[in-house]
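[1] My questions are about this predicted structure, shown below with the sequence.
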Amino acid sequence: MSRRISQSITPTAEDVTALRGPFTKKGANDPLIVELRNQLSDAPAWLAKLSEDQELTRERLAEIREASAKRRAIIEALPEGDARDKALTELDVTEKIVEEMDGELAGVSAFSGMN
């Protein structure tokens, strides 16, 4: 016969509530899910109406850069997978274009004597 050693603890009702709390599914109206959705959709309002006949300033490019960084921080916290990879690839493309445009604008400012 082998020996069996066991240690355990019986939680109180308050313990159970505290242990379950962060993991309780609250559905689509969960305040945390709502905030996550808000953060993911937080982008400059004008961006949705952007077209190729409009001009962008360095300030507007900075707004895109900031929104992209916030979105990247959230997406990088997700587990690896196709959706995460696709979202990060899209952000990479966006950030590359913003950097290229910003560099071009900086070059124009330097040659025009403007800062």
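    Looks like it arrived, so ask away.

[2] how about the helices in the chain?
    All helices of the chain, identified by DSSP state H, fall at 13-20, 31-40, 58-76, 82-112.

[3] For the third one, give the mean pLDDT please.
    Looking back up the chat, that one is helix 58-76. The average pLDDT for helix 58-76 rounds to 96.

[4] do the same with the longest one
    Averaged across helix 82-112, pLDDT comes to 91.

[5] what do you get for stretch 29-41?
    Averaging pLDDT along stretch 29-41 yields 90.

[6] Report the distance from it to the chain centre.
    11 Å (Cα atoms, centre = their mean, to the nearest Å).

[7] Show me what stretch 55-69 is in contact with.
    Here stretch 55-69 makes contact (Cβ atoms under 8 Å, 6 or more residues apart in numbering) with 42-44, 46-47, 50, 91, 94-95, 98, 101-102, 105-106. C-beta: built from backbone N, CA, C; applies to glycine.

[8] ok, 10 Å please
    Stretch 55-69 is contacted from outside by 39, 41-47, 50, 54, 90-92, 94-95, 97-102, 105-106, 109, using Cβ atoms under 10 Å, 6 or more residues apart in numbering.

[9] swap in stretch 79-98?
    So stretch 79-98 is contacted by 40, 56, 60-65, 67-69, 71-72, 74-78 (Cβ under 10 Å, 6+ apart).

[10] tell me which residues in it are buried?
    The neighbour-count check on stretch 79-98 (16 or more other Cβ atoms under 10 Å) flags Ala87, Leu91, Thr94, Val98 as buried.
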